[in-house]
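Q: need coordinates for the below:
(chains A, B, C, D, E and F)
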There are 4 protein chains.
Amino acid sequence: MAKSAKQGIIIDAALEVFRERGYADARMADIAERAGVSYGLVYHYFGSKEVLFEIIVESWWNELYAMMEREVASSAPTRDKLVGIIEFFLETYGQKPNLMSIFVSEVCRSSVYHTEEGLAQFMKFFGLCEKIMIQGQESGFLSRDVPPHHLTYIFYGAIETFISVMVLGKVPLTRRRQERAMNAILQVFTDGARAR
Amino acid sequence: MAKSAKQGIIIDAALEVFRERGYADARMADIAERAGVSYGLVYHYFGSKEVLFEIIVESWWNELYAMMEREVASSAPTRDKLVGIIEFFLETYGQKPNLMSIFVSEVCRSSVYHTEEGLAQFMKFFGLCEKIMIQGQESGFLSRDVPPHHLTYIFYGAIETFISVMVLGKVPLTRRRQERAMNAILQVFTDGARAR
Amino acid sequence: MAKSAKQGIIIDAALEVFRERGYADARMADIAERAGVSYGLVYHYFGSKEVLFEIIVESWWNELYAMMEREVASSAPTRDKLVGIIEFFLETYGQKPNLMSIFVSEVCRSSVYHTEEGLAQFMKFFGLCEKIMIQGQESGFLSRDVPPHHLTYIFYGAIETFISVMVLGKVPLTRRRQERAMNAILQVFTDGARAR
Amino acid sequence: MAKSAKQGIIIDAALEVFRERGYADARMADIAERAGVSYGLVYHYFGSKEVLFEIIVESWWNELYAMMEREVASSAPTRDKLVGIIEFFLETYGQKPNLMSIFVSEVCRSSVYHTEEGLAQFMKFFGLCEKIMIQGQESGFLSRDVPPHHLTYIFYGAIETFISVMVLGKVPLTRRRQERAMNAILQVFTDGARAR
DNA sequence: GATGAATGAGAGTTCATTCAT
DNA sequence: TATGAATGAACTCTCATTCAT
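A: This is a model prediction of the structure:
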């Protein structure tokens, strides 16, 4: 239907504008213009700037949760699950750099997202990640010396910083870069940075 | 550089307001009111909202660089340097939670800071961190398998996520929490999360 | 003039919405939704919000004039004519409370209706009322001490206030209330409020 | 102080614009322009269009209540009290035609004022008026045949219609007109319109 | 130094209306 | 006849900033 087409175009335009200017500086007029539609149509479909932003963020969280839940439920070894998570972030950056950039710049910590609900989303994600760490500890892969939520923070922090640096530097993701990032995170997280 | 007392009061008020509402939503009138001065005075001293924000951010970067440069120059073993860096972040969170919160929410990735200059600040910090990693590799403490800038991302990402979680959850920093965070980051970064 | 059923439904919806929200705050979308039709259809039939409102108001004036002209032409005693007029307002309130409410709230004095034409409508009504007052003076029923247009204002003002109070208080019209209102207006208007 | 001066100028401008265009069609830009001040200053002082309007309406109600309470408390004969009330409305029309016009067009019945609070204001006024009617009945001046609230409606309705006609017709109030209106209302209300 | 009245560009949002289907 | 996607002018309100005192 034509309806979804225009909606999709507006969402894409919003992704671009939110990435370029940030939520606060993004103007609805920019988004409309970028989408090639009138002012009012954005409101016709999305009601407000806030709703438009939330729809975008929601879609991100949903993808993220879906992936995490798949990994939690999977019977693969923990190491593969960690690989899956890193891969998800890197591939999303490759395929939807705008979405990833908005996540990193406007959601992760931004005060824009400092609401009860924003916190809850994060906690849900961390909870799922923690489950995987617990699975890893129970399977004997991960050490029990470090609490699983701390493992989560370190693991996730590593990924996020890699992504952030790419976002900030507007670095394109090559196959080679992806592999090196994956190896670095995985190796340090599992075996440490210490020379042997 | 003898700031008048009023200047300090305004800076403190700005720290609070920027933390509570974020840069975009913070109003100069709020800051003036919080400081108990007229808002003409804020302009008298700081010229603009942007300048006021930058002065705050600048002070953060300067403290951070000073610490990093001390560590780089120090002849202590790499492990102690890493401890020093983690300690700096945790202690700053404990003593200046507003500043730390602004750094995490408004500077780290926020589009507010997506300028050439913002990127440069980060790169300078990463550069200093990388030096320490190189020192570690050269001293034989850190493995050469992982490039030093990747080590930087992983190490810093871990710290930042610990801080972020505390900021988001408005968690007070107890001695015990500080120690456990320190141990977790250090242990995983150096020896990995894998069970032995 | 064979209105389609849809037209009637739209008019009824408009009556409700105009009463509930007033002309200025009534949205065409509300009216369409209330009527259960698309808002294109409202335009198809009525062209604009203003026209839709005017059709409603017009219908009121036409009913009012028709009644007034009957009374003017009638050979009944003046007292009966006054009774007829009061009855008309009270019965219309009972049967078409929305219409009456709109008249009282949006037409009587509202700036919405402060046009040359709005004034003319009122003047026409007052003119007809004045004729009856003159008939009353000529028949010897009403005193010649008060000019007929002043009699008109006092008589109509009494009715309008009774109606307004019911509209404002959303008071349902019982038989008993109707009688008491009728008696009060009639008695005071003809014989005065003074004790005898 | 200069402060109050500007505030007064803005209020006066608002009175004019609200009268000319009605609340809904009045634009804040018009009011600012009329007052010869900037856009923002109106907001600086009054916060919103609604507040500005309410301040105006409030001032009217306060004057009205003050007068009514004086009359209720007075030991003058009821007839003089009625004269006082009529005089108040007529004189206010003469001296503050804009205020009176707004009251008649935007407050009396307008849906603008169809709120719980609007109703309450009216009821308070009617209550005070009723007290005077009761005093009149107790002193033997007014008949007990008609309930005092009905007397109120008839008396007030007469005044309001006189005022409304002048407002609608933009009729200036001459001494002579004032006297004739006073006499007409008083005579009909007390002694009736019937010939003797 | 200190105040806060005054400014006005600019943003989000509303909603009557049009028109292709 | 009927729909509702699409338009855009118009409006309220915000808030960084200026400046006379």
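
Q: A:Leu186: neighbouring residues, count only.
A: Residues near A:Leu186, counting by other C-beta atoms under 10 Å in any protein chain shown, number 17. Where you see a C-beta, it was placed from the backbone N, CA and C, and this is true even at glycine.

Q: also A:Arg180?
A: Residues near A:Arg180, counting by other C-beta under 10 Å: 15.

Q: again with the one 3 residues further on
A: A:Asn183 is flanked by 14 other residues according to other C-beta under 10 Å.

Q: identify the residues contacting it.
A: Residues in contact with A:Asn183, defined by C-beta atoms under 8 Å, 6 or more residues apart in numbering or on different chains, are B:Val146.

Q: and it, what pLDDT?
A: For A:Asn183, the pLDDT comes out at 97.

Q: how close does it get to A:Arg176?
A: For A:Asn183, the distance to A:Arg176 equals 11 Å [C-beta to C-beta, to the nearest Å].

Q: A:Asn98 now?
A: 23 Å.

Q: so for the two, which sits in the more crowded spot?
A: The residue with more neighbours, out of A:Asn98 and A:Arg176, is A:Asn98; 17 against 8, by other C-beta under 10 Å.

Q: from memory that one sits against A:Leu15, does it?
A: Yes - using C-beta atoms under 8 Å, A:Asn98 is in contact with A:Leu15, at 3.9 Å.

Q: what's the helix or strand where A:Ser59 lies packed up against?
A: If you go by DSSP states H and E, A:Ser59 is part of helix A:49-73. Identification of packing neighbours for helix A:49-73 by 3 or more C-beta pairs under 8 Å, 6 or more residues apart in numbering or on different chains; DSSP states H and E yields helix A:2-25, helix A:39-46, helix A:78-95, helix A:97-102, helix A:116-138.

Q: closest to A:Phe162 out of the ones you listed?
A: helix A:78-95 (7.9 Å; C-beta to C-beta).

Q: now do that closest one: distance to the chain's middle.
A: 11 Å (C-alpha atoms, centre = their mean, to the nearest Å).

Q: ditto for stretch A:144-155
A: Per C-alpha atoms, centre = their mean, the centroid offset for stretch A:144-155 relative to its chain is 20 Å.

Q: what residues does that stretch touch?
A: By C-beta under 8 Å, 6+ apart, stretch A:144-155 touches A:82, A:85, A:126, A:129-130, A:133-134, A:136-137, A:142, A:185, A:189, B:157-158, B:161-162, B:165, B:180-181, B:183-185, B:187-189, B:193, B:195.

Q: pull out the buried residues from those residues.
A: Buried subset of the contacts of stretch A:144-155 (neighbour count, 16 or more other C-beta atoms under 10 Å in any protein chain shown): A:82, A:85, A:126, A:129-130, A:133-134, A:136-137, A:142, A:185, A:189, B:157-158, B:161-162, B:165, B:181, B:184-185, B:187-189, B:193.

Q: so A:Ala76, which of the three states?
A: Of the three states, A:Ala76 takes coil according to DSSP: H, G, I helix; E, B strand; the rest coil.

Q: quick check: the nearest residue to it once chain neighbours are set aside vs A:Met67, distance?
A: Leaving aside its chain neighbours, A:Ala76 sits nearest to A:Gly84 (7.7 Å; criterion: C-beta to C-beta, 6 or more residues apart in numbering or on different chains). With distances taken as C-beta to C-beta, A:Gly84 is found 7 Å from A:Met67.

Q: per-residue confidence for A:Val17?
A: Per-residue pLDDT puts A:Val17 at 96.

Q: same question, A:Glu106
A: Looking at A:Glu106, its pLDDT stands at 84.

Q: so where's chain A uncertain?
A: Scanning chain A for pLDDT under 70 picks out A:1-4, A:109-114.

Q: residue of it with the smallest distance to chain C?
A: In chain A, the residue that lies nearest chain C is A:His44 (11.0 Å; C-beta to the nearest C-beta).

Q: that residue: neighbour count?
A: 13.

Q: now it: how far from A:Gln7?
A: 10 Å.

Q: again, but for A:Ser105
A: On the measure of C-beta to C-beta, A:Ser105 and A:Gln7 end up 24 Å apart.

Q: show me chain A divided up by domain.
A: Using automatic domain parsing, the domains assigned to chain A come out as A:1-47, A:49-191.

Q: and the first one, does that touch chain B?
A: What it means is domain A:1-47. Yes - counting by C-beta under 8 Å from any C-beta of the partner chain, contacts between domain A:1-47 and chain B involve A:Arg19, A:Arg21, A:Gly22, A:Tyr23, A:Ala24, A:Asp25.

Q: that domain vs DNA strand F: in contact?
A: Yes - Domain A:1-47 lies within reach of DNA strand F by C-beta under 7 Å from any atom of the strand, at A:Ala2, A:Lys3, A:Lys6, A:Val37, A:Ser38, A:Tyr39, A:Gly40, A:Leu41, A:Tyr43, A:His44, A:Tyr45.

Q: are any of those residues buried, and which?
A: By 16+ other C-beta under 10 Å, the residues of domain A:1-47 next to DNA strand F give A:Lys6, A:Val37, A:Leu41, A:Tyr45 as buried.

Q: hmm, the last one is touching A:Ile10, no?
A: Yes - A:Tyr45 lies in contact with A:Ile10 (C-beta under 8 Å); the separation is 6.3 Å.

Q: near DNA strand E, which residues of chain A show up?
A: Counting by C-beta under 7 Å from any atom of the strand, the residues of chain A close to DNA strand E are A:Ala26, A:Arg27, A:Met28, A:Ala29, A:Tyr39, A:Gly40, A:Tyr43, A:His44, A:Gly47, A:Ser48, A:Lys49, A:Glu50.

Q: including distance to A:Thr78, could these go into JSON lines?
A: Below are the residues of chain A next to DNA strand E laid out as JSON lines (distance: C-beta to C-beta, whole Å):
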{"residue": "A:Ala26", "distance to A:Thr78": "40"}
{"residue": "A:Arg27", "distance to A:Thr78": "46"}
{"residue": "A:Met28", "distance to A:Thr78": "45"}
{"residue": "A:Ala29", "distance to A:Thr78": "49"}
{"residue": "A:Tyr39", "distance to A:Thr78": "51"}
{"residue": "A:Gly40", "distance to A:Thr78": "51"}
{"residue": "A:Tyr43", "distance to A:Thr78": "47"}
{"residue": "A:His44", "distance to A:Thr78": "48"}
{"residue": "A:Gly47", "distance to A:Thr78": "43"}
{"residue": "A:Ser48", "distance to A:Thr78": "43"}
{"residue": "A:Lys49", "distance to A:Thr78": "41"}
{"residue": "A:Glu50", "distance to A:Thr78": "39"}
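
Q: can you tell me the SS state at A:Pro172?
A: coil.

Q: what sits against it?
A: No contacts exist for A:Pro172 under C-beta under 8 Å, 6+ apart.

Q: for it, what are phi and psi?
A: phi -70, psi 150 (degrees, to the nearest 10).

Q: A:Leu168 is in what secondary structure piece?
A: helix A:148-169.

Q: ok, A:Glu33 next?
A: A:Glu33 belongs to helix A:28-35 when assigned by DSSP H and E.

Q: what about A:Gly40, distance to B:Arg175?
A: From A:Gly40 across to B:Arg175, the span is 57 Å (C-beta to C-beta).
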